[in-house]
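Student: only geometry, no sequence info:
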DNA sequence: TTGTAGGCGTTATCAA
DNA sequence: TTGATAACGCCTACAA
């Protein structure tokens, strides 16, 4: 381990005190030009790199923002993470990503780890941590939570309108003439899944279509569960001409199940997904789905965190979901 | 900012010196049982959390491993990252993920950031950093590079046999009776793309099929480029009954292009991809592709890093690619 | 077995 | 505008 260049050494070689070097480095105070230049020369010559640890220990700030995702490599979070990176870039703060895998225990450990690493702020994406814990964390460090709405912390939470998205999706199918519309929902205990189910029901009700529980199947947001659910639907007693699937990944699975059953999409069955994953415009046929402005969400949360860090008030812009009509839906054959 | 509980305070309240507490915490030396218990009681009562920064500054180790990916949210890296997490878990070391987005400049900054954060070791996934830079980094900190083979650093590098994978894929098509086999390659300057092209050519040669440059199109590893390349192929003068695509994402695009052109997969055109992304078993039809043991790669690299950290020699197990035959390929219609 | 003292590399405070 | 000097919180000889 070669000794790294320390500030003290720079100071010595430049013939000034360490404090002066520090001031130049941080722009904390004015320094006479000649000294400044001398120091900067030494800085360059020695290729000085400040020690982040020491700096953080002394200053109490690490210039890092913890980001707790559920699955760091899930396509669903991809754009959001990019948005966060972008929103933070140039601010001096850097994101540190961790994942909780939808397990409260893992999330807890991840948050503790982040706090132990003294992140200056935290962005939480979804997850199953109890509200209480989030409030507790928020008391210690600026916090922004996406996909959640924690009582007493609303201004720092951003939830998408899942109800509306589901409503739009279902309404789209209704407008195409479909009546028997199945639904493959997500994990029932999951708030998003509940809201999407509610939106689906509401749209049916508004169209005077009777809700049929036999046309609803549970999944777990993964492809395989969508496959299974759709298979069951096809094999069930009820017939249907369209499915609203609670997310794109399950929609992929459902689409394959229909393919296996010899049912064409969209001629025989129309499918609508939710999330608009990057690959959804490349499925065959391209998937009609509900798009969330995931990148903007990331961007907005990063900006909000910076505001909080800056002592300003939280501010999350309203972001809306949107139906993207592609080729997996068509008018019901009469 | 509530004052956090310091080791000094614990020592005071337990009536011992700070060193003693430190020893108990780290198991550095034996401590009389009664004191030990007393201290542990205080530790628990105060809910003491060591300050990682201070600890790192003093000990010179941060117990973290930097992981440089190209796209933190790419499905391609997902399993590998999980493997790394798993391989590191329980060791006391934690991964810190960053992404370079295939831009040398960004990668440089990312590595510098990681080094500035004093990671104890580094895992580099692919990327375009010059070998020289990697050697430079390796001189400072234990390094493992995946998807690269840096001269003088071979023992710490793990590359998959792209040539073999491409050969297997093409051979599979040949065995199905295909002769006019097109290829959609990746970024030509990319080593993986070159090797896959070479494997494709070799398999053709071994099967006494003449190589036809007009049946090869360039892409950039993304879906859209696969779409474009396949479209061009179809519109080109040459006819073909199969395509070997250099990665799954482009294969998705190609598959859609064929769909748009009214060509069926696999009846009219067989497709083989490369990577076996999680969603490739759910495309319609499920994609025949070359699987890399990505999870194991991550696991192995984490274990290798731990060995290096432990002063042992690097050791990366041989890992092999494998053809996964699904439904996007079929015997050529005679 | 235990405590003291010094150091890790910066920043922050206070005089000068 | 500058420089000592003291934190920051912990680890580690070294001495007892």
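Tutor: Sure thing, it's come through. Just so you know, these numbers come straight off a predicted model, no measurement behind them.

Student: Work out the gap between stretch A:83-91 and the centre of the chain.
Tutor: Mean-position distance between stretch A:83-91 and its chain equals 14 Å (CA atoms, centre = their mean, to the nearest Å).

Student: Kindly report the same for stretch A:175-184.
Tutor: 29 Å.

Student: how long is it end to end?
Tutor: 20 Å (CA to CA, to the nearest Å).

Student: SS state for the residue in the stretch 51-200 of chain A positioned nearest to DNA strand D?
Tutor: In the stretch 51-200 of chain A, the residue that lies nearest DNA strand D is residue A:58 (3.6 Å; CB to the nearest atom of the strand). To be clear about C-beta, it is placed using only N, CA and C from the backbone, and glycine gets the same treatment. When classified by DSSP: H, G, I helix; E, B strand; the rest coil, residue A:58 comes out as helix.

Student: Look at it and say how many residues are nearby.
Tutor: 12 (other CB atoms under 10 Å in any protein chain shown).

Student: try residue A:154
Tutor: Using other CB under 10 Å, residue A:154 has 13 other residues around it.

Student: Give me the pLDDT for it.
Tutor: Residue A:154 is assigned a predicted lDDT (pLDDT) of 94.

Student: How much space separates it from residue A:313?
Tutor: Using CB to CB, to the nearest Å, residue A:154 is found at 12 Å from residue A:313.

Student: And residue A:227, by the same measure?
Tutor: Noted for residue A:227: a distance of 46 Å to residue A:313, by CB to CB.

Student: neighbour-wise, which of these two wins?
Tutor: Ranked by neighbour count (other CB under 10 Å), residue A:227 and residue A:313 place residue A:227 first, with 23 against 10.

Student: And the more buried one, its phi and psi?
Tutor: Backbone geometry at residue A:227, expressed as degrees, to the nearest 10, gives phi -60, psi -50.

Student: What parts of chain A come near DNA strand C?
Tutor: A:3-4, A:6-8, A:18-19, A:22, A:25-26, A:28, A:48-51, A:54-55, A:57-59 (CB under 7 Å from any atom of the strand).

Student: In contact with residue A:85, which residues are there?
Tutor: Residue A:85 makes contacts with A:95, A:298, A:302, B:99, as judged by CB atoms under 8 Å, 6 or more residues apart in numbering or on different chains.

Student: I'd guessed residue A:232 sits against residue A:216; true?
Tutor: No: counting by CB atoms under 8 Å, residue A:232 sits too far from residue A:216 to count as a contact (10.8 Å).

Student: okay, those two: which has more neighbours?
Tutor: residue A:216 (17 against 13).

Student: mind checking the SS state of the closest residue to the more buried one other than its chain neighbours?
Tutor: Excluding the flanking residues, the one nearest residue A:216 by CB to CB, 6 or more residues apart in numbering or on different chains is residue A:183, at 4.8 Å. Of the three states, residue A:183 takes strand under three-state DSSP.

Student: what's the burial count for residue A:183?
Tutor: When neighbours are counted by other CB under 10 Å, residue A:183 comes out with 29.

Student: partners of it in the sheet?
Tutor: Listed beta-bridge partners, residue A:183: residue A:216, residue A:244 (assigned using DSSP bridges).

Student: Serialize the contacts of residue A:85 to a markdown table and add fields for neighbour count.
Tutor: Output for the contacts of residue A:85, formatted as a markdown table (neighbours: other CB atoms under 10 Å in any protein chain shown):
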| residue | neighbour count |
| --- | --- |
| A:95 | 23 |
| A:298 | 27 |
| A:302 | 26 |
| B:99 | 24 |
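
Student: how about the strands in chain A?
Tutor: Applying DSSP state E to chain A gives strands spanning A:64-69, A:94-99, A:121-125, A:143-146, A:157-158, A:181-185, A:216-218, A:242-245, A:270-275, A:288-291, A:322-324.

Student: What spatial separation is found between the nearest residue to residue A:148 once chain neighbours are set aside and residue B:124?
Tutor: Leaving out its chain neighbours, the residue that sits closest to residue A:148 by CB to CB, 6+ apart is residue A:157, at 5.6 Å. Between residue A:157 and residue B:124 the computed distance is 37 Å (CB to CB).

Student: out of those two, which sits in the busier spot?
Tutor: Neighbour comparison, residue A:157 and residue B:124: the larger count goes to residue B:124, with 30 against 20 (by other CB under 10 Å).

Student: what residues are up against the more buried one?
Tutor: Counted by CB under 8 Å, 6+ apart, residue B:124 has contacts B:68, B:111, B:134, B:143, B:144, B:145, B:146, B:148.

Student: Go again with 6 Å.
Tutor: Residue B:124 sits next to B:68, B:145 when contact means CB atoms under 6 Å, 6 or more residues apart in numbering or on different chains.

Student: Could you give the bridge partners of it?
Tutor: residue B:68, residue B:145.

Student: need the helices for the stretch 151-300 of chain A, in chain order.
Tutor: Assigned by DSSP state H, counting those that start in this stretch, the helices in the stretch 151-300 of chain A fall at A:162-175, A:191-206, A:223-235, A:248-260, A:294-309.

Student: how about stretch A:239-255: buried residues?
Tutor: By neighbour count with 16 or more other CB atoms under 10 Å in any protein chain shown, stretch A:239-255 contains the buried residues A:240-255.

Student: quick one: contacts for residue A:69?
Tutor: By CB under 6 Å, 6+ apart, the contact set of residue A:69 is A:77, A:99, A:125.

Student: My guess is the last one contacts residue A:145. True?
Tutor: Going back to what we said before, that points to residue A:125. No: applying CB atoms under 6 Å, one finds residue A:125 not in contact with residue A:145, separated by 8.1 Å.

Student: low pLDDT regions in chain A?
Tutor: Where chain A drops to pLDDT under 70, the residues are A:1-3, A:334.

Student: So for residue A:239, what's the nearest residue that isn't a sequence neighbour?
Tutor: Nearest residue to residue A:239, sequence neighbours excluded (CB to CB, 6+ apart): residue A:180, at 6.0 Å.

Student: And for that neighbour, the neighbour number?
Tutor: 15.

Student: Relative to residue A:169, how far out is it?
Tutor: Here residue A:180 is placed at a distance of 15 Å from residue A:169 (CB to CB).

Student: Compile the helices of the stretch 151-300 of chain A into CSV and extend it with columns for distance to residue A:12.
Tutor: As requested, these are exported to CSV (distance: least, CB to CB, whole Å):
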stretch, distance to residue A:12
helix A:162-175, 61
helix A:191-206, 59
helix A:223-235, 62
helix A:248-260, 59
helix A:294-309, 35
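
Student: Out of these, which one sits most buried?
Tutor: helix A:248-260 (a mean of 26; mean count of other CB atoms under 10 Å in any protein chain shown).

Student: Alright, calling it a day.
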